[in-house]
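S.K.: Show me how the following folds:
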Amino acid sequence: MIQDYFKLALGNLRKRKLRSSLTIVGIFIAIATIFVLISLSLGLDAAVKEQFKQLGSDKFFIMPRGQAGAPGSGGAVELTTKDINIIKKVNGIKGVTYDIVGNAKIEFNDESKYFMIAGFPLDTVDLLVESGGYKIDEGRFLKKTDVGKVMLGSRYKENFFKKPVGAGDKIIVNGKKFKVVGILKSIGSPTDDALVYMSEDDFRNLFNVPDRVDQIIIQIKPGEDIEKVADNTKRKLLNLRGLTEKTRDFEILTPEELLNSFANVLNIITAFLLGVAGISLLVGAVGIANTMYTSVLERTKEIGVMKSIGAKNSDILWIFVIESGLLGLVGGILGILLGMGIGKLIEYIAVKQLGTNLLQVVFPWYLIVGCLLFAFLIGSFSGFFPSRQASKIKPADTLRYE
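M.R.: As a prediction, the model looks like this:
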């Protein structure tokens, strides 16, 4: 019986192709929007979790609180090498590294740009490489004995300057020549992929910053509780800096806190955009309801004939509900196909134009099935009341209908 209902509903939709096509536009746009947003959210979530997986669960970060602008741009609060010395004495800590960041003029082949320079202690280069997930594309990493040498992000090998920079070339940073010993592989962030990395000593001489530190990376010993070690580190720093919990001027971020912060921001953005998509969905639902009400009026005689030959109210209700559900389902199918296309286009633009691989899309089966089911249910619900009206029409009334 259900199969017959579907056949009748499909036949009715085929007869009214233009109206059906116009009706599904609202659902089509809404489902496409929802599908793109959720697939991007899932892809971004997966990409960030992969980054944290590479980082590991044995590291946490310390940064100045309330820093104005990017690291190294100056602020009321600064961390210093004194903080590093006290952190190294905390029980449970395996290693400590840090970086200092500043803006500089970078010159190559008679072309100049202004961008960020990062300095770090070369005796802890292994920890920095591990925490950042860095990999060499050309040349090598900086070594302890390197002076007047730099590593560059992947963009220097691509399109940062008109002519690609390679290992062995020389660049000028704030008027001083440096030899490029290595080019890093892309890590997916346009800012990080354009960084220049040099030794701490070269950086401090170049920028005249004797003891400032912008970010501290701490690795704990195997088997230690990261929350406990982070809390001990916080108390040591508070004592050193003469602060209390209320006046604390630095942030300690564990992997779990970083993930939670990211998830909260992502949820807020997704909720807002889904609200916009919900408006399109409402418009689509109203369009289906309007079409079904019109269809009931147009087919009053047809309904009367069906009832006169034995069709029950429930039969009429099912036919019209399935018809409206199919309108939603077709809109859902087209919306998913459009969503896949838009999602892949966004991913392509992000990689090629923005230089980031964080904006990825994933299309899990449950998202596809969920969107199809959702579209069908929205269509069915939108057509329920017109369908119930159709089922209540009396055969005698159809004789008086013109």
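
S.K.: For Ile117, which residues are in contact?
M.R.: 101-104, 106, 173, 195-198, 203, 206-207 (Cβ atoms under 8 Å, 6 or more residues apart in numbering). For the C-beta atoms, the positions are set from N, CA and C on the backbone; glycine is no exception.

S.K.: For my notes, confirm it occurs in a strand.
M.R.: Yes - under DSSP: H, G, I helix; E, B strand; the rest coil, Ile117 falls within a strand.

S.K.: ok, it to Met151 distance?
M.R.: 11 Å (Cβ to Cβ, to the nearest Å).

S.K.: ok, now Ile220?
M.R.: Distance from Ile220 to Met151, by Cβ to Cβ: 27 Å.

S.K.: One more: Asp169?
M.R.: 12 Å.

S.K.: Name the residues contacting each of those two.
M.R.: Val180.

S.K.: between the two, which one's more packed in?
M.R.: Counted by other Cβ atoms under 10 Å, Asp169 and Met151 do not tie: Met151 has more neighbours, with 25 against 17.

S.K.: The more buried one: what's it in contact with?
M.R.: 139, 141-142, 180-184, 196-198.

S.K.: hmm, which of those are the buried ones?
M.R.: 139, 141-142, 180-184, 196-198 (16 or more other Cβ atoms under 10 Å).

S.K.: Return the member of the residues you listed nearest to Trp318.
M.R.: Top of the list for closeness to Trp318, among the buried ones among the contacts of Met151 and by Cβ to Cβ, is Leu184 at 62.8 Å.

S.K.: Could you pick out the buried ones from the contacts of Ile117?
M.R.: By 16+ other Cβ under 10 Å, the contacts of Ile117 give 101-102, 104, 106, 173, 195-198, 203, 206-207 as buried.

S.K.: Of those residues, which belong to helices?
M.R.: 203, 206-207 (DSSP state H).

S.K.: can you redo these as TSV with pLDDT and distance to Leu317?
M.R.: TSV is the format used below for these (pLDDT from 0 to 100; distance: Cβ to Cβ, whole Å):
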residue	pLDDT	distance to Leu317
Phe203	94	76
Leu206	92	79
Phe207	91	77
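
S.K.: Please convert these to a markdown table, extending it with distance to Gly310.
M.R.: Shown next, in a markdown table, are those (distance: Cβ to Cβ, whole Å):
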| residue | distance to Gly310 |
| --- | --- |
| Phe203 | 89 |
| Leu206 | 92 |
| Phe207 | 90 |
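
S.K.: Among those residues, find me the one that's closest to Glu224.
M.R.: The nearest one, if we look at these relative to Glu224 and count by Cβ to Cβ, is Phe203, at 30.8 Å.

S.K.: just checking, the closest one touches Gly102?
M.R.: Yes - counting by Cβ atoms under 8 Å, Phe203 does reach Gly102; the two are 7.2 Å apart.

S.K.: got any residues that touch both of those two?
M.R.: With Cβ under 8 Å, 6+ apart, Phe203 and Gly102 have common neighbours 117, 119, 209.

S.K.: Asp83: which of the residues you listed is nearest?
M.R.: Relative to Asp83, and with distances defined as Cβ to Cβ, the nearest of the shared contacts of Phe203 and Gly102 is Val209, at 14.5 Å.

S.K.: Three-state assignment for Lys177, please.
M.R.: Lys177 - assigned by three-state DSSP - is strand.

S.K.: Surely it is in contact with Val147?
M.R.: No - checked against Cβ under 8 Å, the pair Lys177 and Val147 is beyond contact range at 12.0 Å.

S.K.: Now do the helices for the stretch 51-200 of the chain: every range, in order, please.
M.R.: 81-87, 125-132, 200-207 (DSSP state H, counting those that start in this stretch).
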